[in-house]
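> sequence and predicted structure are below.
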Amino acid sequence: MNIIVLGPAASGKSTFVSSFLEFLKEKDYNAKAVNLDPASSPIYEASVDVRSYVRTEDIMRECHLGINGALLKSMEIAVRYAKKLVVAGDFVLYDTPGQMEVFLYSTAGIEILNAIPSFKAGIFLISSDMASTPENFVSILAQCAAVSLRTALPVLTVFNKCDITEPPDIQEVKRRLAEGGMLSELMEKLLAFLECTTLPYRKIQISSISRTGFDDVFSALNELLCSCGDLS
């Protein structure tokens, strides 16, 4: 199974990949990780590292670009090595760039994604503190829907850092939005994106540091790609 790990900056993608990789290995799976971020060295043992082929800091210097332009240029160069960025295993975790937009909204990122063989799923990782208010929670839902649309993958929504902050209760969010106001009216309509996520079926809460909730992630991934699974 190929697992694409996506999420906003500071959602803890690399730490999750590092911890979940060890979790899978302890279950005796042939688990591997691939670093797709040309701007950051992996904090785990990567079977393949895109930085072996292109480094964002080199592109900044050679092309006289700022960090954002260099990141996009790096992804364009990485496409040339797309086939070399793919490995085989029982579970392969693909760690995407810290700035999600660089991978998700660039043609290069989607080309790399398409080079990864089928039988794959996405994990949309969210830091719980980023969804601590109704406003933030609803904006996260919109992002998750965009991830599903852009990748055309089944995507799990996973709340990380739950050892620090609990994610909001969905019913409480709905109650607070029902209190009224123009902004509440807009956000209430955006709640329709909830149905585009796995949250109505299962709210997965984890801590990559303490490795709590990993069994839930593991079972949900298997259900996600099982023809009879419904995430219930």
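Noted; the coordinates are in hand.
> please name every helix or strand in contact with the longest helix along the chain.
For the chain, the helix reaching the highest residue count under DSSP state H is reported as helix 134-151. The contact analysis (3 or more C-beta pairs under 8 Å, 6 or more residues apart in numbering; DSSP states H and E) places helix 134-151 against strand 2-6, helix 100-104, helix 107-115, strand 120-127, strand 155-160, helix 170-177, helix 182-190. From N, CA and C alone the C-beta is placed, and that goes for glycine too.
> at 7 Å what do you get?
strand 120-127, strand 155-160, helix 170-177, helix 182-190 (3 or more C-beta pairs under 7 Å, 6 or more residues apart in numbering; DSSP states H and E).
> got the contact list for it?
4, 6, 104, 110, 113, 122, 124, 126, 130-131, 155, 157, 168, 173, 176-177, 187, 190-191, 193-194, 196-197 (C-beta atoms under 7 Å, 6 or more residues apart in numbering).
> give the contact list for the residue nearest to residue 82 when sequence neighbours are not counted.
Excluding the flanking residues, the one nearest residue 82 by C-beta to C-beta, 6 or more residues apart in numbering is residue 115, at 3.9 Å. Taking C-beta under 7 Å, 6+ apart, we find residue 115 in contact with 82-83, 86.
> closest one of these to residue 100?
Residue 100 has its nearest neighbour among the contacts of residue 115 in residue 82, at 18.9 Å by C-beta to C-beta.
> can you count the residues close to the closest one?
Using other C-beta atoms under 10 Å, residue 82 has 16 other residues around it.
> what about it, which SS state?
helix (DSSP: H, G, I helix; E, B strand; the rest coil).
> with residue 153 instead?
The three-state label given to residue 153 by three-state DSSP is coil.
> how many neighbouring residues does it have?
Counted by other C-beta under 10 Å, the residues lying close to residue 153 total 22.
> I'd guessed it sits against residue 122; true?
Yes: in terms of C-beta atoms under 7 Å, residue 153 counts as a neighbour of residue 122; the distance is 4.4 Å.
> joint contacts of these two?
residue 4.
> how many other residues sit next to residue 139?
Residues near residue 139, counting by other C-beta under 10 Å: 16.
> and residue 148, by the same measure?
By the criterion of other C-beta under 10 Å, residue 148 has 19 neighbours.
> quick one: least confident helix or strand in the chain?
None of the helices or strands of the chain scores lower by mean pLDDT, DSSP states H and E than helix 182-190, at a mean of 67.
> pLDDT below threshold where in this structure?
Low-confidence segments of the chain (pLDDT under 70): 180-186, 196, 200, 227-232.
> run the last query once more with 50
227-232 (pLDDT under 50).
> returning to what we had before: dump the helices and strands packed on helix 134-151 to a markdown table, plus distance to residue 140 and mean neighbour count.
Listed next are the helices and strands packed on helix 134-151 as a markdown table, based on distance: least, C-beta to C-beta, whole Å; neighbours: other C-beta atoms under 10 Å:
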| stretch | distance to residue 140 | mean neighbour count |
| --- | --- | --- |
| strand 120-127 | 6 | 23 |
| strand 155-160 | 8 | 26 |
| helix 170-177 | 11 | 15 |
| helix 182-190 | 10 | 13 |
